[in-house]
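In: The following comprises the amino acid sequence and a computationally predicted model.
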There are 2 protein chains.
Amino acid sequence: MQLTGEMLLGASFVRGAAPSFSGVDAATGAELAPAYGGATDEDVARACALAEAAFDAYRATTPAARAAFLRLAAAKIDALGGALTVRACAETGLPRARIEGERGRTVGQLQLFAAEIEEGGWQDVRIDPALPDRAPLPRPDIRLRMVPLGPVAVFGASNFPLAFSVAGGDTAAALAAGCPVVVKAHPAHPGTSELVGRAMRAAVAEAGLPEGVFSLLFGMGEHLGAALVSDARIKAVGFTGSRAGGLALAKLAAARAEPIPFYGELSSINPVLLLPGALAANGGALGKAFAGSLTMGAGQFCTNPGLLFAAPGAGLDAFVETAMQALAAAPGGTMLHGGILAAYERGVTNHAKTAGVETLATGQKADGRASTVLFATEAATFEATPQLAEEIFGAAGLLLRDADAVAIARVLCSLEGQLTITVHMTEADEPLFQKLLPLLERKAGRILINGWPTGVEVCHAMVHGGPFPATTDSRTTSVGTLAIRRFLRPVCYQNFSPALLPSALQDANPNQLWRRIDGVMTAP
Amino acid sequence: MQLTGEMLLGASFVRGAAPSFSGVDAATGAELAPAYGGATDEDVARACALAEAAFDAYRATTPAARAAFLRLAAAKIDALGGALTVRACAETGLPRARIEGERGRTVGQLQLFAAEIEEGGWQDVRIDPALPDRAPLPRPDIRLRMVPLGPVAVFGASNFPLAFSVAGGDTAAALAAGCPVVVKAHPAHPGTSELVGRAMRAAVAEAGLPEGVFSLLFGMGEHLGAALVSDARIKAVGFTGSRAGGLALAKLAAARAEPIPFYGELSSINPVLLLPGALAANGGALGKAFAGSLTMGAGQFCTNPGLLFAAPGAGLDAFVETAMQALAAAPGGTMLHGGILAAYERGVTNHAKTAGVETLATGQKADGRASTVLFATEAATFEATPQLAEEIFGAAGLLLRDADAVAIARVLCSLEGQLTITVHMTEADEPLFQKLLPLLERKAGRILINGWPTGVEVCHAMVHGGPFPATTDSRTTSVGTLAIRRFLRPVCYQNFSPALLPSALQDANPNQLWRRIDGVMTAP
């Protein structure tokens, strides 16, 4: 497939007239053809108008039809094969195995949401039958189901060029809910985005859906995103990216004449508690495993373990020794793009020159690559230096090396919300863990025991979310089937005659849904 | 019970040192003793600190214990008996039957949420068991449940002095979810608030719960509400009131260092479509019934039917005739307080002097009371005059008397979000209704056929919500059991050993919960 540098306004290929840009080979810095024309305000308006025009027809499709569409999209993305891998590897610097794995995850996400649409519980059907003889007043027949919010804007994330980009988690969840999607491609991987966008376009056409179900915009700079979030036809936004960029868009979403939900994943340093029993039993092995989690994908995960808590002792010594050894040997990492590399180096430099912070280990250096770093400090220094709690996106970790139980509790209390908190522990640590658990639940969306936070399973029970600023809306998740709820709202149908009810609400239950009837959960 | 004018900071009775105010007899304008001291910033901070201190213990209570607490609160409010009725009638001008009915609804809401806690589906338990042999990577055990957000601020509404005030819907839903509540009493009914607050305080004590589970603040002016919404310990806000006041608080909630959910119910004019078949068959009867719904409670309902759509004809003539007759005979209504009366009169005056608007009927006039009014205009005038789409809180209605099918669709498209849309129809109207239904679903939280929107059933399938500005969060409802979801967020537990899991997530299912296991809904 020849890349053209054109956007997709529904089914139309359109070359944007705003300033153009190109993909860049992340390893060499070389520009990659073609140039991508940026979307104008008119292009944004056109994509949103098409989405709005498609909405009623799209949401009226049966669950089976929508599931078939998602499976078709999955198959078409899978079929992009080697061309997708080559382009994505070049644009992101990520290795082939990672890109192939991520394609599998992307395909799997679409298929999982297809099954979720068919399962149907997301419709939350509730039926309170009429009570005509109730005194003093009869009760009318009252029924509830979930309906989709409307067109959704999705901002592709740079660090998951497939799984959280054009046809990634946000897109899959919104489409599953019945919402058309307008994607703003991340400018760091336009070619990857074009390939996936064309697969989506083909799936929309082959499924016989209105073209506005999916559009793809290209562009650099803040104006395009702002125009998209501000368009009155957009009814929700999915975003993964920087704290500053996300907060700016969140403010726009809240300041609209009609404020809309903004689901932003902004920042997390993912604390890891190394409790005394675990350190004593496995300090050395944990140090090595930590280094593996920290440096995976050059540390470019939202769930990267950036903050360690440990109390002094032989176990911590062993941890530090193996971690330092592994990190010192770690090769420089190719970052997704120059902006991320520059931000990483700024963050690392700031930490390194902070009073009371020691640089324990530095990885291999290479031109244009990021060296992993492990810093150490005391809990009191951390608490006195708010900047140390800010995310450094990349493979930089900070060890609080005097963190006893009290310090853990105190520091966690003052921390902002997190995507994950990880605890390494043995049975001996259980009393302490039990005391900490309520605090962990308040601070994070996911609590892991004896594992590492990198690697987010896509399943029903996953929560990739958490209190602000991990996300701008802790009531939801961006990974896993519960994410469909972000794009739904309840509607109540009162005193409808049977013939007028949507099929999901009919007594005969033609869609075979789980329902709460008079409050009692009832099998289909 | 002697009223004292004191706040409740947890279990403590405290006289506020900020400027005091008194209740006012709504019918006579006379001040009612005692004076209520306003809460200072220190009082707000104290209430929030107590709520925060109570949170972990309160949320750790078993569903049975929390349900018992809500039932106890219901019993104590019910036992307030005649003293509550007398005071509430005086402060609000509402008749005795209404206050007694509302007490029943308030008690019923608490009992319904007690049953909802026990039913347990709100915990949304999901279990994805470990797949240790999966290739290429094993899956860890992953489980999800909902946990409460934290302390909640509730702003009492003036128009439901019991059912949406101190121990009303927001309070019941938040307490059911496991969130302590800090109530800001509406200054229009402080004595009613004090009585109910004391009942809540007694229930907290008798249930052996930490005192911070419930606090009650008094005060006039904007400062108190702003301080409460801005307190870092508050994690969500429930509000029913004016659009301007709600938007100001919503902005504060969004501008916090940690933005929080703000559930505001701000404005709705509740369109009623009188379709041709219904008008032809029942025009006269509908006119009379409309007048009853419009004037009920002096029109002081969020769901008051403020905008009628009808096409010309004999049916509409009959409707207008009976409506005018009934409205002309309607006695002046005692409004909840002077501010509402003044706002109503301003709104009515503005409508009356708007070019193209005719005053069809005016009710009886009496000093200090509000006269009901029915205006009429053409759809084009309505569309050209945005102010006509603004809510007039009270018994004022506006008829679009040339609204054929096209005009209905066009006007509805341009309308803001609504709590309700009502359709009067017969079988002959079904083709038109089917065409309109997608639009109705997009514009309102509740769609009613052949009924009236006033009177909101408290049940499982109710939605009292809708797109902005009906509410600031269309994904939720403030009435009915689904409201519990507003105060919850998901947490994921990964690789927990059985002994460490919260009881809701244990394999043995000791809490007898519905669960999704590997995605399959499973009975307890």
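Out: Cool, the structure landed.
In: Buried residues, stretch A:124-131. List them.
Out: By 16 or more other C-beta atoms under 10 Å in any protein chain shown, the buried positions in stretch A:124-131 come out as A:124-128. The C-beta positions use only the backbone N, C-alpha and C, and glycine is treated the same way.
In: can you check stretch A:404-411 too?
Out: Result for stretch A:404-411 [16+ other C-beta under 10 Å]: buried residues A:405, A:407-408, A:411.
In: what is the mean pLDDT for it?
Out: Averaging pLDDT along stretch A:404-411 gives 97.
In: How far away from the center of its chain is that stretch?
Out: Counting by C-alpha atoms, centre = their mean, to the nearest Å, stretch A:404-411 is centred 30 Å from the centre of its parent chain.
In: likewise stretch A:411-422?
Out: Relative to its chain's centre, stretch A:411-422 lies at 18 Å (C-alpha atoms, centre = their mean).
In: Equivalent analysis for stretch A:492-505, please.
Out: Worked out by C-alpha atoms, centre = their mean, stretch A:492-505 lies 36 Å from the chain centre.
In: List the buried residues of that stretch.
Out: Neighbour counts over stretch A:492-505 (16+ other C-beta under 10 Å) mark A:492-496, A:500-502, A:504-505 as buried.
In: Mind putting the buried residues of stretch A:124-131 into a markdown table with secondary structure?
Out: Below are these laid out as a markdown table (DSSP: H, G, I helix; E, B strand; the rest coil):
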| residue | secondary structure |
| --- | --- |
| A:124 | coil |
| A:125 | coil |
| A:126 | strand |
| A:127 | strand |
| A:128 | strand |
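In: From those, pick the one nearest residue A:240.
Out: Nearest to residue A:240 among the buried residues of stretch A:124-131: residue A:124, at 26.4 Å, using C-beta to C-beta.
In: what pLDDT does the nearest residue to that closest one once chain neighbours are set aside get?
Out: Spatially, and ignoring its direct neighbours in sequence, residue A:124 is nearest to residue A:146 (5.0 Å; C-beta to C-beta, 6 or more residues apart in numbering or on different chains). Listed pLDDT for residue A:146 reads 98.
In: Go ahead and name everything in contact with the one helix or strand residue A:146 maps to.
Out: Per DSSP states H and E, residue A:146 falls inside strand A:142-148. For strand A:142-148, the external contacting residues (C-beta atoms under 8 Å, 6 or more residues apart in numbering or on different chains) are A:55, A:59, A:122-128, A:177-179, A:485, A:487-496, A:501-502, A:504-505, B:441-442, B:457, B:459-463, B:482.
In: Heading C-terminal from that strand, find the next helix or strand.
Out: Following strand A:142-148 in sequence, per DSSP H and E, is strand A:152-155.
In: just checking, next helix/strand downstream of that following strand?
Out: Sequence-wise, the next helix or strand downstream of strand A:152-155 (DSSP H and E) is helix A:169-177.
In: helices or strands up against that following helix?
Out: helix A:63-78, helix A:96-119, strand A:152-155, strand A:181-184, strand A:236-240 (3 or more C-beta pairs under 8 Å, 6 or more residues apart in numbering or on different chains; DSSP states H and E).
In: for the record, mean pLDDT for that helix?
Out: The model assigns helix A:169-177 a mean pLDDT of 98.
In: That helix vs helix A:63-78, what angle?
Out: Between helix A:169-177 and helix A:63-78, the angle comes out at 150 degrees (axes from the mean of the first three to the mean of the last three C-alpha atoms, to 10 degrees).
In: What lies in contact with helix A:169-177?
Out: A:66, A:69-70, A:73, A:109-110, A:112-114, A:116-117, A:122, A:148-149, A:152, A:154, A:163-164, A:181, A:183, A:200, A:213-214, A:236, A:238, A:240, A:263, A:458, A:478-479, A:483-484, A:486-488.
In: Report the distance from it to the chain centre.
Out: Distance of helix A:169-177 from its chain centroid, counting by C-alpha atoms, centre = their mean, is 12 Å.
In: can you state the direction angle for that helix and strand A:236-240?
Out: 150 degrees.
In: list the contacts for residue A:234?
Out: A:48, A:51, A:150-153, A:182, A:228, A:260 are the contacts of residue A:234 under C-beta under 8 Å, 6+ apart.
In: try residue A:43
Out: By C-beta under 8 Å, 6+ apart, the contact set of residue A:43 is A:7, A:9, A:14, A:16, A:18, A:217.
In: Which helix or strand contains it?
Out: When elements are assigned from DSSP H and E, residue A:43 belongs to helix A:41-59.
In: Pretty sure residue A:91 sits against residue A:165.
Out: No. Assessed by C-beta atoms under 8 Å, residue A:91 is found out of contact with residue A:165, at 10.8 Å.
In: okay, and the common contacts of those two?
Out: By C-beta under 8 Å, 6+ apart, residue A:91 and residue A:165 have these common neighbours: A:189, A:192.
In: Counting neighbours, go ahead and name the busier of these two.
Out: residue A:165 (30 against 25; other C-beta atoms under 10 Å in any protein chain shown).
In: you'd agree that one is up against residue A:187?
Out: No. Residue A:165 is not in contact with residue A:187 according to C-beta under 8 Å; the separation is 11.5 Å.
In: could you show me where the helices are in the stretch 351-500 of chain A, in order?
Out: A:379-384, A:405-414, A:430-443 (DSSP state H, counting those that start in this stretch).
In: how about the first one as CSV, C-alpha atoms only?
Out: Output of helix A:379-384 as CSV, limited to C-alpha atoms (Å, rounded to 0.1, in the frame of the first residue of the first chain):
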residue,chain,number,x,y,z
ALA,A,379,11.8,10.0,52.1
ALA,A,380,12.1,13.4,53.8
THR,A,381,13.9,14.8,50.8
PHE,A,382,11.2,13.4,48.5
GLU,A,383,8.5,15.0,50.6
ALA,A,384,10.3,18.4,50.7
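In: counting contacts, what elements does that helix pack onto?
Out: strand A:396-400, helix A:405-414.
In: and residue A:425, what does it touch?
Out: A:273, A:275, A:277-278, A:432-433, A:449-450.
In: any idea how far the residue lying closest to it once chain neighbours are set aside lies from residue A:449?
Out: Using C-beta to C-beta, 6+ apart and skipping the chain neighbours, the partner closest in space to residue A:425 is residue A:275 (4.4 Å). Between residue A:275 and residue A:449 the computed distance is 10 Å (C-beta to C-beta, to the nearest Å).
In: what do those two both touch?
Out: Common neighbours of residue A:275 and residue A:449, using C-beta under 8 Å, 6+ apart, are A:423-425.
In: Can you pull out the residues in contact with stretch A:111-125?
Out: So stretch A:111-125 is contacted by A:63-64, A:66-68, A:70-71, A:74, A:143-146, A:172-173, A:175-177, A:458-459, A:481, A:484-485, A:488, A:490, A:504-505, A:511-516, A:524, B:482, B:516, B:519, B:521 (C-beta under 8 Å, 6+ apart).
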